[in-house]
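> please find the sequence and the predicted model below.
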Amino acid sequence: MTNTGRRRFLGGLLAAGVAPGVTWADAGSPAFLSAAAQPDGRFVLCGIGRDLDIRFTLPLPARGHAVAAHPLRPEAVAFARRPGTFALVIDCVSGTQMAVLEAPEGRHFYGHGVFSSDGRYLFTTENDYEAGRGRIGVWDAGHGYRRIADWDSGGIGPHDIGLLPGSDTLVVANGGIDTHPDTGRTKLNIATMAPNLAYVQDGVVVEAAALPAHLHKNSIRHLSVGHNGHVAFGMQWQGDGPAPVLAGAHRMGQTPRLMTAPEAAMRDMQGYVGSIALSSDGRTITVTSPRGGVLQHYDVATAGLLASQAMPDASGVAEMGGALAVSAGTGALHLIDADGIARERRTRLQWDNHLVAVGATSA
C-alpha cells in the first residue's frame with residue numbers, strides 16, 4: 001500500500017472510530033512540524049522527518065505561526081499569526097480538520113500553545129485587549145477541545161508558552177507589549193513595558209522573573225525548555241540602538257542569566273530573535289534572526305557567544321539528537337551536527353518562524 005493509500009485507509013478508520021492505537025508513526029514519523037507558505041501564496045502545515053524530507057503537507061486557511069503537537073496522538077494545533085482569532089486542530093494522518101478553536105470575544109491568540117504532559121489539556125496564550133492583560137486559555141483535548149478555564153498569564157502580551165518536564169507547570173513568555181486589534185500590530189506601551197517569565201501552576205502564578213530595569217524594553221518572546229527544567233528565552237529589543245542582550249536562561253527560584261556578545265554581533269541580529277533552542281545537555285543556546293540573517297550559539301556556563309554564522313532568513317531552530325535543525329524563509333532546511341557539519345535540503349516553501357519538535361512517540 002502506498003503512503004497516500006495508507007493515509008486514506010487510516011483516515012477512514014479514524015472517521016469510523018475504529019482505528020486502534022494510531023500514533024505519529026502513522027503520519028510518517030515527523031520529527032518536526034512547521035507552518036509555511038507555498039509559491040502560489042497558499043499556506044500549509046508540514047511534517048518534517050529527521051532526514052529533512054517532508055512527510056506531509058496539509059492546507060491552512062491563512063498564515064500560520066507556531067504549532068502545538070499532541071504528545072501521543074497524531075494531532076496538531078496550528079495557530080494563526082498574531083493577532084489571529086482562530087486555531088485549527090488537524091488530524092495529521094487523514095488531513096482532516098477536527099476542531100476550530102475560536103478566541104472568546106475581546107481576545108486574540110498569540111500564535112502559540114502547548115499540551116499538558118498527558119495530552120489531556122491544551123493551553124493557549126491570549127490577549128484580553130480591552131483590559132490590556134495576558135490570559136491563558138485551557139481547552140479539554142479529550143472532549144472535542146472544549147474551553148474549560150481561563151487563567152491570568154502573569155503579565156502583558158504573553159507569546160510563547162512551555163511546560164516544565166515531569167510536571168504541568170507552565171512557563172509563559174510575557175513580552176510586556178500591549179496591543180489592540182483596532183491598531184493592528186502597533187505597540188501601545190513601549191515606555192512602560194515590563195516583560196517577565198511567569199510560572200503557572202493550576203491557574204496560579206507561582207513565580208514571575210523580571211529583567212533588570214534597564215532592559216525593560218526587551219520583549220521576552222520565545223522559549224525552549226530543557227529536560228532539567230532550565231528555560232532558554234529569546235527577546236526582541238524595542239529600544240534605541242543595538243540590543244544589549246537578546247537571549248537568556250532561567251530556572252525557577254533563580255535570577256535570569258543573560259547571554260552576552262560583542263556589540264557587532266548584537267548589531268547583526270537587528271534586535272530580533274525569531275526562534276530559540278536549548279541543547280539537550282543544557283550547555284548551549286542557539287538563536288535565529290530572520291531579520292539579520294544570522295544564527296548565534298551561546299555557552300550557558302560562561303553566558304558568552306560561542307559562534308555566529310550567516311544564514312539568510314534563518315527562522316525556526318530545534319535540537320534533535322545532538323544536532324540542530326534550522327529552517328529558513330528561503331525554503332532551505334539545514335541539519336548541523338555537533339561538529340558543525342551541515343546538510344542542506346532545498347524546498348519551494350517559505351518557512352515560518354518555528355520548528356516544533358514532535359514527542360518521542362514519533363521516533
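Thanks, I have the structure now. These numbers come from a predicted model, not from an experiment.

> alpha carbons only for contacts and neighbour counts from here, please
Noted.

> I'd like the distance between Gln350 and Val77.
20 Å (C-alpha to C-alpha, to the nearest Å).

> who has more neighbours out of the two?
Val77 (27 against 21; other C-alpha atoms under 10 Å).

> ok, now which ones touch that one?
Shown in contact with Val77 (C-alpha atoms under 8 Å, 6 or more residues apart in numbering): 67-69, 87-90, 113.

> show me how far the strand or helix carrying it is from its chain's centre.
Using DSSP states H and E, Val77 maps to strand 75-80. Its chain's C-alpha centre and that of strand 75-80 lie 11 Å apart, by C-alpha atoms, centre = their mean, to the nearest Å.

> one more: stretch 220-231?
11 Å.

> before we move on, what about stretch 172-180?
Using C-alpha atoms, centre = their mean, the offset of stretch 172-180 from its chain centre is 15 Å.

> do stretch 85-94 as well
Centre to centre, stretch against its chain (C-alpha atoms, centre = their mean), the figure for stretch 85-94 is 16 Å.

> same check, this time on stretch 109-117
With C-alpha atoms, centre = their mean, you get 8 Å for stretch 109-117.

> and for it, what are the contacting residues?
64-71, 77, 79-86, 103, 121-127, 158-163, 166-168.

> list only buried entries from these.
64-71, 77, 79-86, 103, 121-127, 158-163, 168 (16 or more other C-alpha atoms under 10 Å).

> which ones among those residues are found in strands?
With DSSP state E as the criterion, strands contain 64-69, 77, 79-80, 86, 121-127, 158-163 from among the buried ones among the contacts of stretch 109-117.

> nearest residue to Val93 in space, please, no chain neighbours.
Distances taken as C-alpha to C-alpha, 6 or more residues apart in numbering put Ala27 closest to Val93, at 4.7 Å, once the chain neighbours are dropped.

> likewise for Gly144?
Ala99 (7.0 Å).

> next, count neighbours for the one you found.
15.

> could you do Ile341 as well?
9.

> pLDDT value on the residue nearest to Val93, please?
In this prediction, Ala27 carries a pLDDT score of 94.

> pretty sure it sits against Gly95.
No. Counting by C-alpha atoms under 8 Å, Ala27 does not reach Gly95; the two are 9.4 Å apart.

> coming back round to it: tell me the two of the contacts of Val77 that are most distant?
Ile90 and Gly113 (14.2 Å; C-alpha to C-alpha).

> what about those two, which has more around it?
Gly113 (26 against 23).

> contacts only, for the closest residue to the more buried one other than its chain neighbours.
With sequence-adjacent residues excluded and distances taken as C-alpha to C-alpha, 6+ apart, Gly113 is closest to Thr124, at 4.3 Å. Each residue near Thr124 by C-alpha under 8 Å, 6+ apart is listed here: 109-110, 112-114, 136-138, 161.

> among those residues, which two are most distant?
Tyr110 and Val138 (14.2 Å).

> so those two - more neighbours on which side?
Set Tyr110 next to Val138 and count neighbours by other C-alpha under 10 Å: Tyr110 wins out with 25 against 21.

> the more buried one and Leu60: what is the separation?
17 Å.

> report the central residue of the protein.
In the chain, the residue lying closest to the centroid (C-alpha atoms, centre = their mean) is Ala66, at 5.0 Å.

> so who does that one touch?
So Ala66 contacts 34-35, 78-81, 111-113, 353-356 (C-alpha under 8 Å, 6+ apart).

> from those residues, which has minimum pLDDT?
Arg81 (81).

> hmm, that one is touching Arg63, no?
Yes. Arg81 is in contact with Arg63 according to C-alpha under 8 Å; the separation is 6.2 Å.

> where does the stretch 151-300 of the chain have low pLDDT?
Scanning the stretch 151-300 of the chain for pLDDT under 70 picks out 182-185.
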